[in-house]
Structure formats: C-alpha cells, structure tokens
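Chemist: This is a predicted model, with the sequence first.
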Amino acid sequence: MAAARLTISSRNYSSWSLRAWLFCELAGLEVEVEALPLEDPGVRAELLLLSPTVMTPRLDHDGASVWDTIAIAEYLDEWKPEAGLFPTERVKRAHCRSIVGEMHGGFYNLRSALPMNLRARYPNFRVFTGAKSDIRRVLAIWEECFEKYDGDFLMGDKPCAADAMYAPVCTRFVTYGVEIDDRASAYCDRIMKWAPMKEWIREAKAEPEEIEELDVEF
Ligand SMILES: N[C@@H](CCC(=O)N[C@@H](CS)C(=O)NCC(=O)O)C(=O)O
C-alpha cells in the first residue's frame, strides 16, 4: 500500500500536479495518486473539506496535510533531506529557492498563453509578446545555472526541486514548438526523458478527460 496520497486534478493539463508528483518522486515517497475533476461541483464540495483553497495538488502523508506546491516541496525536503530536493550548501540552496520561488510566483503570461497540454502539439504557434519576455527570463535562469554548475540539470548532475519546478516549462516548449537555443533544447530533452516524466506523460496520454478551452486549435 502507498504510504501517502497525492490529490491532483489532471495529469495532462495540471502543471502544479506534475510538479508535486516530481517532488514525491525525488523524495522517494510512494504516493497513491487520486485525480479529481475540478469542474464537478460535487468534487469541489468534497475537496473543500480537504483543502481550504479547493486547489490541487494536495499531499496527505503520515498525519500531515500539505497543499500548495512550494509547501509540498519543503515538507518533502524536511522529511527526506538526504534526497537533495534543495542543495545543502547555503549559497546554492538560496539560488535554488529563488528560482523555484520565481517560477511559483511569476511567469503569468507564459503560464496563461501557453497552458500545459501534454497530449497536444502546436508547431506553428505564435507566441505573443508578453509571453516572449517570460520565455527570455526562463532561458536566462537556465543559462546562469548551466554556467555556474555545469551539470545535466539546473543545480548540477542530479535533478532537484528546481528541475521539477521548470519541467512543465519544458513540456510547453515542446507542445508549442518554441524555438530555444541548443543548450536549453538539450536540457528539455533530458527532462522529457527523465523516468518519472515519461511515466507521468504516458499516464496523461491515457487520461480520458478533455478540457475544451485548453484543446482549441490555435
Ligand atoms: N499556488 C497553488 C496553485 C495550484 C493551482 O492553481 N491548482 C489548480 C490546478 S493546476 C487548481 O486547483 N485549480 C482549481 C480552481 O482554481 O478552481 C500551488 O502552488 O499549489
């Protein structure tokens, strides 16, 4: 039996759910995933009893109820510090926390104009100007990490919370055919081939749910 339950909305569309799942994978926490259709008023009423924000993801583990993606990452880092969700060295940890926080609190244009949709491909998608500056900023964040830590992942040789946080950006670059430089593109390939990502994407493709407004032909 799984030691914990992760309540999510959709594997295909919910980037926050994907991030939380990747945090659990990084921490080695086996979770039972429960996907709830959030448009259903009955489901919303039930979720309100579980999570005051009526939002997913939400993690229940060993008496702890955690909602909000950052809180889940921090909880898991405290639960299993040796898993290295955040680097242990002070300066590097501060850098990691900053870019994780920047993703969590920002990039509104990128997130709303290029919604995550793992099943879709829009190769000729025209990225609007507002989202372009978000894309430039993401690429600058990654470039600084590659220069500083010179690894396959953002903070060095192993994936950590920062990679989980930016993984849905990689999927958006693939879905919308966003042109990026070779180094960023190689990083996206690596993230898309990361075993937990492959597992999540496989299950997202099998999900029956379709959200019409996120599946429009652009
Ligand atoms: N700040 C939240 C954002 C979570 C979020 O936006 N979740 C969406 C699904 S991806 C949600 O639950 N939406 C339900 C709603 O807005 O009614 C976090 O980091 O967990």
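Modeler: In hand now; what should we look at? Residues are numbered from 1 along each chain as shown.
Chemist: Next, work out how far apart the nearest residue to Val127 once chain neighbours are set aside and Asp152 are.
Modeler: Leaving out its chain neighbours, the residue that sits closest to Val127 by C-beta to C-beta, 6 or more residues apart in numbering is Val178, at 6.4 Å. Where C-beta positions appear, they are placed from N, C-alpha and C, glycine not excepted. Using C-beta to C-beta, to the nearest Å, one obtains 21 Å as the distance from Val178 to Asp152.
Chemist: Would you verify that the residue nearest to Val127 is located in a helix?
Modeler: No. Going by DSSP: H, G, I helix; E, B strand; the rest coil, the assignment for Val178 is coil, not a helix.
Chemist: Make 40 the starting number, not 1.
Modeler: Noted, 40 is the first residue going forward, which turns the last one into Val217.
Chemist: any weak-confidence spans in this protein?
Modeler: 40-41, 77, 83, 86-87, 89-91, 93, 248, 250-257 (pLDDT under 70).
Chemist: longest helix of it?
Modeler: What stands out as the longest helix in the chain, according to DSSP state H, is helix 168-188.
Chemist: quick one: is whichever helix or strand comes after that one near the ligand?
Modeler: Next in sequence after helix 168-188, counting helices and strands by DSSP states H and E, comes helix 200-214. No. Using C-beta under 6 Å from any ligand atom, helix 200-214 stays clear of the ligand, coming no nearer than 9.8 Å.
Chemist: so what does helix 200-214 touch, helix or strand wise?
Modeler: Helix 200-214 sits against helix 54-66, helix 108-118, helix 129-144, helix 168-188, helix 221-232, with contacts defined as 3 or more C-beta pairs under 8 Å, 6 or more residues apart in numbering; DSSP states H and E.
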